[in-house]
Every structure is written in structure tokens, then in C-alpha cells.
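> Here you go, sequence then predicted model.
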Amino acid sequence: MATHRILFLCLGNICRSPMAEGVFRHLVESKGIAESFHVDSAGMGAWHTGDPPDERGQQTLRKRGIDISGQRARQVQAADFEDFDLLVGMDRSNRETLLGLAPEHHVHKVRLLLEFAPDTGVEEVPDPYYGGASGFDKVYDLINAGTKGLLATCEALDR
């Protein structure tokens with residue numbers, strides 16, 4: 001049974017959050033601890049519900065041996081605040097939206113991904129949607145740092 005339930009969130013659930021889900025899932029699988037985690041992603045809005053991740057994000061992760069082609073976008077639901085231990089937004093706008101949706105007793109679950117990677121010197125994962133493929137590489141680097149820090153935090157809690 002999963003001891004850590006993590007939901008990654010961005011605006012539409014086609015760029016940053018599916019990448020974060022894929023990178024984090026890859027990390028825990030490569031360490032042989034995937035059974036300890038339930039990982040998912042969602043978006044603030046429903047514009048892309050049912051769509052696969054952006055092809056540029058998929059290409060960025062494929063270059064690194066990570067396949068997210070089977071993921072489909074969904075919108076965050078009220079039940080997610082009960083079902084997940086952490087709801088991890090990519091930027092301040094995501095966090096503020098989540099805090100506005102969260103029941104008061106679940107506000108503590110809302111975090112920013114880069115809180116787990118303070119050495120990056122960056123607080124937000126930028127939205128690469130309107131840029132080129134190089135933006136997805138930069139986003140990958142930030143997500144990789146954030147998910148590694150998040151995993152280290154989870155592992156420390158398990159000790």
C-alpha cells in the first residue's frame with residue numbers, strides 16, 4: 001500500500017504537472033520503491049481534460065528514458081484534498097488557486113515543487129506552453145531538482 005500520495009498540479013495538466021508525475025514516478029521506480037507511492041497529476045482548469053501531455057514535454061522526457069504518453073489530463077477535484085497527502089503546484093498561481101479550493105484542515109498539504117529544491121534559486125516552474133522546445137528542457141531541469149528534493153523529504157519522513 002502506498003505510504004505517500006502525491007498530486008502534481010499546473011494550469012492545464014498537459015505540460016509541467018504530467019512531466020513532474022513522470023519524472024517522480026521514474027525516480028521511485030529506479031530506486032525500487034514505487035509501491036510506497038501513489039502519484040498523479042491534474043490541472044486547475046478543464047480545458048485539456050482527456051488530452052495527452054504536450055508533445056514537446058513528451059519528447060523532452062523520452063530523451064531521458066521516461067514515457068508519459070499514456071497520461072491524460074484531468075482537472076483537480078474536491079476529493080483530491082482527501083485522497084492525497086501533498087498537492088504540489090508548479091507556480092504561485094497554482095498554489096493560490098489550490099489554497100482557495102482546499103478545506104481549511106487540508107491547507108497544510110498544498111506546497112510548491114521548488115520548495116523542495118531551494119538550491120535552484122527559483123521559486124516557480126515556468127509554463128513552457130507558449131515557448132519552444134528549449135523551454136521544456138529548462139522545465140525538466142527544475143522538475144528534476146524539485147522531485148529529487150521531494151523524494152528525499154519523503155524518505156526522511158520514513159526513517
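Now that the structure is in, tell me what you want to look at.
> contacts and neighbour counts: CA atoms only from here.
Will do.
> Which secondary structure elements does whichever strand or helix holds Asn144 sit against?
Here Asn144 sits within helix 133-158, counting by DSSP states H and E. The elements that helix 133-158 packs onto, with contact taken as 3 or more C-alpha pairs under 8 Å, 6 or more residues apart in numbering; DSSP states H and E, are helix 16-30, helix 55-62.
> Other residues contacting the longest one?
Outside helix 16-30, the residues within contact range by C-alpha atoms under 8 Å, 6 or more residues apart in numbering are 7-10, 34, 37, 39-43, 53, 57-58, 61, 66-68, 71, 73, 89-90, 125, 127-128, 139-140, 143-144, 147-148, 151.
> same thing but 7 Å
8-10, 34, 39-42, 53, 57, 66, 68, 127, 143-144, 147 (C-alpha atoms under 7 Å, 6 or more residues apart in numbering).
> Out of those residues, who's the most crowded?
Using other C-alpha atoms under 10 Å as the neighbour test, those are led by Leu9, with 32 neighbours.
> which residues touch Glu124?
By C-alpha under 7 Å, 6+ apart, the neighbours of Glu124 are Met90, Asp91, Arg92, Leu114.
> Next, format those residues as TSV and append neighbour count and pLDDT.
Shown next, in TSV, are the contacts of Glu124 (neighbours: other C-alpha atoms under 10 Å; pLDDT from 0 to 100):
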residue	neighbour count	pLDDT
Met90	26	98
Asp91	21	98
Arg92	14	97
Leu114	26	98
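> Looking at those residues, point me to the pair that's furthest apart.
Among the contacts of Glu124, the pair separated by the greatest distance (C-alpha to C-alpha) is Arg92 and Leu114, at 10.6 Å.
> so what's Gln75 closest to, chain neighbours aside?
In this structure, Gln75 finds its nearest non-sequential neighbour in Gly43, 4.7 Å apart by C-alpha to C-alpha, 6 or more residues apart in numbering.
> That neighbour reaches Leu7, doesn't it?
No - using C-alpha atoms under 7 Å, Gly43 makes no contact with Leu7, being 10.0 Å away.
> Mutual contacts of the two, please.
Overlap of the contact sets of Gly43 and Leu7 (by C-alpha under 7 Å, 6+ apart) is empty.
> show me where pLDDT drops low in the chain?
Within the chain, the stretches with pLDDT under 70 are 1-2.
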